[in-house]
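Undergrad: using only what follows, build the 3D model:
(one chain, ligands or ions: 1)
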Amino acid sequence: MLIEPAAPPTASPPAAPYVPPFPPRPDKGLPLLQMLKLARENWLAIWAKSSFERDVYGSRLLMRDVVVCNSPDSVHYVFVERHENFQRKSPQHRHALIPLLGDGLFVSDGPLWRERRRVVAPVTHVSRLAELAPAITEAAAERRDQWRALPPGPVDVLAEMGHLTAEIICRTIFGRALGRDAAGEVVAAFAEYQAHIGQTDLLSLFGLPDWFPRFRGRQVRDSARRIHKVVDGLIADILDGRQQGEASLIRAMSEAKVPGTDRPMDRRAFRNEAIVLFMAGHETTANTLAWALFMLSQDSTSAERLAAEVRGVLGERVATLADLPNLPFTRAVVEETLRLYPPVPLLSREALGPDRIGDRPVRKGTLILVSPWLLHRKPGLWDQPDAFIPDRFLPGAPKPPRHGYIPFSTGPRICTGQHLGLAEATICLAALAGHFRLALEPGTQVMPVARLTLRPGDTLPMRLTPR
Ligand code: HEM
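TA: Next comes the predicted model:
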């Protein structure tokens with residue numbers, strides 16, 4: 001699909017809202033082989049129109065039962081009410097991430113997950129934001145200044161947002177000084193890892209048991225080792241006292257005790273959780289920002305509204321945490337972006353025991369899929385589901401359906417960094433969209449593609465003009 005910059009707003013009648021791109025939806029389900037082929041390229045493209053409309057449905061895919069939960073009630077049932085039975089991540093997720101994250105909270109379950117969650121959740125809790133937010137404001141201000149100094153010509157905004165959020169998460173995890181120096185190295189090691197793991201582990205989808213040996217490339221192991229080495233070095237610098245006094249997530253975790261004991265976590269656990277935080281908090285926020293900047297480039301009315309809000313409230317300043325309540329439209333753009341392009345478009349679980357979702361019996365081992373991509377565009381839950389309408393998230397607008405809007409998941413496994421992620425995206429969007437006009441490089445094709453996260457393709461070339 002070819003996207004041209006949007007025409008300037010006309011006076012009247014009110015323009016129809018902007019509808020950003022999404023893959024064509026087949027009228028009916030695709031044959032299995034065609035579906036698997038398409039799924040490997042971009043699984044967002046496999047869903048027929050009816051997949052968005054239906055509540056709970058399923059099929060047997062080769063050797064595995066698959067159930068899609070696509071209604072607020074069924075999401076509440078699997079993620080909240082029956083969390084214990086549906087807490088385990090799917091084999092695909094675990095096989096892709098265990099070489100990197102080890103026993104990190106993101107891929108663990110049961111007592112170990114509970115133990116880690118009780119250490120990690122408090123350090124990323126909303127109450128810690130005041131301590132962590134200055135690193136966000138500082139990095140956003142630096143990026144704005146760098147953009148002002150750029151020579152004319154297109155800039156890859158997707159890569160830019162990747163670097164910015166990596167800077168921020170590194171400074172939050174390792175402290176401002178150390179994080180600043182380490183970001184480049186950590187990002188390079190991560191990019192290498194991502195390049196080596198496939199989008200999906202089809203062997204697991206086909207129902208092979210967990211113990212079955214899988215081909216795991218040496219490159220995957222080597223790139224995981226490289227990340228471990230970088231992160232181990234950073235943790236040693238903090239814990240052995242070479243970096244003192246800086247607020248960081250590592251320091252906060254080192255001061256916390258393993259629940260029920262008076263000892264802190266061991267160093268391998270620190271490393272695994274630091275990598276979880278980097279992985280979970282980096283590309284998610286980068287994609288949110290890239291999508292928001294893209295949609296604003298196509299919807300000049302919203303872009304002008306956002307810029308007017310930012311300039312009115314902040315002038316030349318970059319937002320701090322205290323400014324956020326005064327930036328409701330900027331925040332609404334972030335929330336609407338998370339609805340249309342949820343960075344984690346698929347949440348997948350394995351049923352630990354037999355169950356029943358609505359009137360559908362579920363066998364042990366069934367793969368449960370909850371897709372914010374489907375749910376956030378479900379007709380009936382949303383007015384004009386495919387349109388970009390930030391106003392639906394303004395204070396005073398009707399609240400989005402509970403368990404129908406889940407960019408951060410829901411229930412006991414909800415994202416621990418949701419407040420940090422929202423604050424970060426809002427501060428950065430204000431700093432950039434408030435001070436620059438962005439225009440998509442003509443001829444660029446933009447289409448959402450699901451990798452581990454939902455991205456606007458591989459690059460997003462745009463031209464920036466200071467306001
Ligand atoms: C816009 C930004 C973000 C989005 C959309 C997002 C979304 C999510 C989602 C959907 C999950 C659940 C995944 C699943 O159940 O399969 C998750 C988990 C998690 N997120 Fe985020 N996240 C964001 C930012 C962050 C940040 C900034 C941090 C930390 C600094 C973070 C830390 C975590 C952790 C630790 C988990 C695992 C929780 C658990 O399994 O108990 N996230 N995130």
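Undergrad: residue 67 belongs to a strand?
TA: Yes - according to DSSP: H, G, I helix; E, B strand; the rest coil, residue 67 belongs to a strand.
Undergrad: ok, now which ones touch the spatially closest residue to it that is not a sequence neighbour?
TA: Nearest non-adjacent residue to residue 67, counting by C-beta to C-beta, 6 or more residues apart in numbering: residue 58, 3.8 Å away. All C-beta atoms are positioned from the backbone trio N, CA, C, and that covers glycine. By C-beta atoms under 8 Å, 6 or more residues apart in numbering, the contact list for residue 58 reads 65, 66, 67, 68, 360, 366.
Undergrad: let's go with 10 Å and repeat that
TA: By C-beta atoms under 10 Å, 6 or more residues apart in numbering, the residues touching residue 58 are 65, 66, 67, 68, 69, 357, 360, 362, 366, 367, 368, 369.
Undergrad: quickly list what the first one is bridged to.
TA: As for beta bridges, residue 65 partners with residue 60 under DSSP bridges.
Undergrad: now do it against residue 54, distance only.
TA: 17 Å (C-beta to C-beta, to the nearest Å).
Undergrad: cool, the fifth one as well?
TA: If you measure residue 69 against residue 54 using C-beta to C-beta, the figure is 10 Å.
Undergrad: more crowded one of the two?
TA: Shown here are residue 69 and residue 54; by other C-beta atoms under 10 Å, residue 69 has more neighbours (29 against 13).
Undergrad: any common contacting residues for residue 69 and residue 54?
TA: residue 374.
Undergrad: quick check: PyMOL command selecting the buried ones in the contacts of residue 58.
TA: Selection of the buried residues among those in PyMOL, burial being defined by 16 or more other C-beta atoms under 10 Å:
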select buried, resi 65+66+67+68+69+357+362+366+367+368+369
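Undergrad: need the contacts of residue 58 in JSON lines with distance to the ligand and pLDDT, can you?
TA: Formatted as JSON lines, the contacts of residue 58 follow (distance: C-beta to the nearest ligand atom, whole Å; pLDDT from 0 to 100):
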{"residue": "65", "distance to the ligand": "19", "pLDDT": "92"}
{"residue": "66", "distance to the ligand": "16", "pLDDT": "91"}
{"residue": "67", "distance to the ligand": "16", "pLDDT": "95"}
{"residue": "68", "distance to the ligand": "15", "pLDDT": "95"}
{"residue": "69", "distance to the ligand": "13", "pLDDT": "98"}
{"residue": "357", "distance to the ligand": "17", "pLDDT": "97"}
{"residue": "360", "distance to the ligand": "21", "pLDDT": "95"}
{"residue": "362", "distance to the ligand": "18", "pLDDT": "97"}
{"residue": "366", "distance to the ligand": "16", "pLDDT": "95"}
{"residue": "367", "distance to the ligand": "13", "pLDDT": "92"}
{"residue": "368", "distance to the ligand": "11", "pLDDT": "95"}
{"residue": "369", "distance to the ligand": "11", "pLDDT": "93"}
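Undergrad: could you list the low-pLDDT ranges of the stretch 301-450 of the chain?
TA: Within the stretch 301-450 of the chain, no range satisfies pLDDT under 70.
Undergrad: and the residue of the stretch 201-350 of the chain nearest the ligand?
TA: As assessed by C-beta to the nearest ligand atom, the ligand sits closest to residue 281 within the stretch 201-350 of the chain, at 3.0 Å.
Undergrad: what residues are up against the closest residue to residue 376 other than its chain neighbours?
TA: Leaving aside its sequence neighbours, residue 376 sits nearest to residue 339 (C-beta to C-beta, 6+ apart; 4.6 Å). Applying C-beta under 10 Å, 6+ apart to residue 339 gives the contacts 372, 375-377, 382, 385, 388-390, 392-393, 400, 404-407.
Undergrad: could you report the pLDDT at the residue positioned nearest the centre of the chain?
TA: The structure's the chain has its C-alpha centroid closest to residue 284; by C-alpha atoms, centre = their mean the separation is 2.6 Å. Note for residue 284: predicted pLDDT of 94.
Undergrad: thanks a lot, catch you later.
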